[in-house]
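# here is my input; please provide its structure:
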Amino acid sequence: MGPLNWSEAAAVVGKSRQAVQDLVRRGVLNDCVRRDSGGKPIGITSADALRNEYSIKVRARAGGGGKEAARAVDRGKRKSLVIDRAPSRVRPGDGDVPDYNESRAKTEYEKSLLLELERREKEGQLVERAAVEATLSALAVEVRTKLRAVPNRARQRIPHLTPEEVVILTDLVDEALEALANG
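This next block holds a predicted model:
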């Protein structure tokens, strides 16, 4: 796909045209920007380049874009200067104390999982385990009862069956049920 204008670029990342131009103006997006001979931004080189740079510089660092993206880029630059001199975040004697941001990210992730479960339960996509077990148990009892009745029903429909043949049919059904129970 060829070069994109600002509106097409905005559609690719799901933002407004002004938001994309603002990211370019602040220097958050530069590698995918198409410029005129004077260096003025006039569009985006390609949709793929925009997606790649946007996902790396905006979504990954700031969770979406806007002013947060510029702050994230600035924080990233500042952190790179400080990290070399920063002491370890784990204090001696505390054991393995995780980083605050890591702990918060885990907490937010767990909260999102719980909210997803609640939503799916309200939509009727989830059922209680006890209800499923009770239904399956009742179904298994019904299947067993109907299969055990097969030899007697066969004797009623085929009157010339001997009692020995009915016993053989009963044994075959019992073997099948036992195999299913063990299987």
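# who's residue 33 bridged to?
residue 44 (DSSP bridges).
# for it, list the residues it contacts.
By CB atoms under 8 Å, 6 or more residues apart in numbering, the contact set of residue 33 is 24, 41, 43, 44, 45. Any C-beta I mention is one placed from the backbone N, CA and C, and that applies to glycine too.
# nearest to residue 57 among those?
Nearest to residue 57 among those, counting by CB to CB, is residue 24 at 11.4 Å.
# how far away is that closest one from residue 181?
With distances taken as CB to CB, to the nearest Å, residue 24 is found 68 Å from residue 181.
# what about the two, which has more around it?
A count of neighbours by other CB atoms under 10 Å puts residue 24 above the other of residue 24 and residue 181, at 19 against 9.
# how close does the more buried one get to residue 13?
Residue 24 sits 12 Å away from residue 13, going by CB to CB.
# what's the answer for residue 151, then?
Counting by CB to CB, the gap from residue 151 to residue 13 is 69 Å.
# and the chain, what are its domain boundaries?
The chain breaks down into these domains under automatic domain parsing: 6-83, 135-182.
# okay, those, which one's buried deepest?
domain 6-83 (a mean of 15; mean count of other CB atoms under 10 Å).
# give me the mean pLDDT for that one.
Mean pLDDT, domain 6-83: 75.
# show me where the protein has its helices.
Secondary structure of the chain (DSSP state H): helices located at 6-13, 17-25, 47-54, 60-62, 67-83, 100-122, 129-148, 150-157, 163-182.
# just put those helices in JSON lines and tack on distance to residue 33.
Formatted as JSON lines, the helices of the chain follow (distance: least, CB to CB, whole Å):
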{"stretch": "helix 6-13", "distance to residue 33": "9"}
{"stretch": "helix 17-25", "distance to residue 33": "5"}
{"stretch": "helix 47-54", "distance to residue 33": "9"}
{"stretch": "helix 60-62", "distance to residue 33": "18"}
{"stretch": "helix 67-83", "distance to residue 33": "15"}
{"stretch": "helix 100-122", "distance to residue 33": "30"}
{"stretch": "helix 129-148", "distance to residue 33": "54"}
{"stretch": "helix 150-157", "distance to residue 33": "76"}
{"stretch": "helix 163-182", "distance to residue 33": "66"}
